[in-house]
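Asker: Any chance you could fold what I've pasted below:
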Amino acid sequence: MPGGRLTQQERQQIALGLADDLAYAEIARRLDRPTSTITREVMRNGGPTAYRADLAHRATERRAHRRRPVPPRGARPVPEADGRDAEAVREYEETFTTLLMRSGLPRIAAGVLTCLYTTDAGSLTAAELVARLQVSPASISKAIAFLESQGLVLRQRDERRRERYLADAGVWYQSMIESARSNAELAETARQGVSVLGPGTPAAVRLENVARFMDFVGESISRAAEQAREILYAQPEASD
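Answerer: As a prediction, this is how the structure comes out:
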């Protein structure tokens with residue numbers, strides 16, 4: 001399997017594959033590349049509908065020549081736990097970070113959240129985040145402030161009175177509940193259209209079907225979220 005950066009020709013093949021509505025896995029197979037490489041490449045450069053091979057190639061060249069921030073003296077990258085493929089971990093973290101960015105998070109905030117979700121320790125200090133992401137303390141502080149304002153991270157003090165940050169697992173539950181509320185609002189708005197357009201008319205029937213669909217989906221989401229909420233806080237079973 002070839003390694004290294006994608007070539008301009010490979011990026012053109014990716015663009016052609018996206019135009020043909022091919023899955024990332026199929027594009028990766030044709031290029032003999034990991035699927036994660038294709039996913040990361042596309043999501044980092046506009047997504048499947050806006051990806052352009054020439055723009056992606058120039059953006060990659062700019063990133064390659066951009067000077068990396070110098071971490072504070074004494075900061076060292078955190079080694080991977082025994083048995084883990086460091087390159088596979090790095091690729092996964094980049095993919096996860098890119099997807100978070102596509103959901104609207106700023107780049108460093110997305111990186112911080114990825115670190116918090118993928119650390120075995122369960123929490124990290126600002127200094128540890130600086131070492132992992134190789135950015136300045138000010139960048140970490142700004143990212144943490146943003147994530148806290150969104151309810152995505154919590155802070156606590158350890159036995160040495162250092163502030164530690166952890167991802168709030170409950171945010172996934174809240175996200176599902178908010179989605180259910182949004183569906184309920186859509187259903188209510190659709191039903192308002194039924195009375196305005198006249199019950200029994202083709203448009204009203206269409207809107208009533210939308211309302212019933214949203215009701216069903218919203219109730220299903222709420223019920224599933226309540227039933228599965230404890231999964232977010234489940235601990236691994238102790239081995240004998």
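
Asker: Out of the helices and strands in the chain, which is least certain?
Answerer: helix 53-65 (a mean of 76; mean pLDDT, DSSP states H and E).

Asker: Which residues belonging to that helix are considered buried?
Answerer: Buried residues in helix 53-65, counted by 16 or more other Cβ atoms under 10 Å: 53, 56-57, 60. Where you see a C-beta, it was placed from the backbone N, CA and C, and this is true even at glycine.

Asker: Ok, stretch 179-194 next?
Answerer: Judged by neighbour count using 16+ other Cβ under 10 Å, the buried positions of stretch 179-194 are 180, 183-184, 186-187, 190-191, 193-194.

Asker: which residues in this structure form strands?
Answerer: Under the criterion DSSP state E, the chain contains strands at 124-125, 153-157, 163-167.

Asker: Pull up the pairing partners for the first one, direction included.
Answerer: Same thing as strand 124-125. If you go by DSSP bridges, strand 124-125 pairs up with strand 163-167 (antiparallel).

Asker: quick one, the partner strand and strand 153-157 angle?
Answerer: Here strand 163-167 points in a direction 150 degrees away from that of strand 153-157 (axes from the mean of the first three to the mean of the last three Cα atoms, to 10 degrees).

Asker: residues in contact with strand 163-167?
Answerer: For strand 163-167, the external contacting residues (Cβ atoms under 8 Å, 6 or more residues apart in numbering) are 112-113, 116-117, 122-126, 129, 144, 152-158.

Asker: What score does the residue minimising distance to the centre of the chain have for pLDDT?
Answerer: The centroid of the chain falls nearest to residue 100 when counting by Cα atoms, centre = their mean (2.5 Å). Listed pLDDT for residue 100 reads 85.

Asker: again, but for residue 3
Answerer: pLDDT, residue 3: 56.

Asker: low pLDDT regions in the chain?
Answerer: Along the chain, segments meeting pLDDT under 70 span 1-3, 63-82, 238-240.

Asker: Recalculate using a threshold of 50.
Answerer: Applying pLDDT under 50 to the chain picks out residues 1, 67, 75-76.

Asker: tell me the domain boundaries of it?
Answerer: Using automatic domain parsing, the domain parsing of the chain gives 8-65, 86-167, 170-233.

Asker: From the chain's centroid, how far away is the shortest one?
Answerer: Going by Cα atoms, centre = their mean, to the nearest Å, the spacing between the C-alpha centre of domain 8-65 and its chain's C-alpha centre is 18 Å.

Asker: Return stretch 135-145 as CSV; C-alpha atoms alone will do.
Answerer: Output of stretch 135-145 as CSV, limited to C-alpha atoms (Å, rounded to 0.1, in the frame of the first residue of the first chain):
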residue,chain,number,x,y,z
VAL,A,135,0.0,24.7,20.0
SER,A,136,0.4,27.6,22.4
PRO,A,137,-1.2,27.7,25.9
ALA,A,138,-3.2,30.7,24.7
SER,A,139,-4.7,28.7,21.9
ILE,A,140,-5.7,25.9,24.4
SER,A,141,-7.2,28.5,26.8
LYS,A,142,-9.3,30.0,24.0
ALA,A,143,-10.5,26.6,22.8
ILE,A,144,-11.4,25.5,26.3
ALA,A,145,-13.4,28.7,26.9
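
Asker: Residues contacting that stretch, please?
Answerer: By Cβ under 8 Å, 6+ apart, stretch 135-145 touches 69, 71-72, 106, 108-109, 111-112, 126-127, 129-130, 133, 153, 155, 165.
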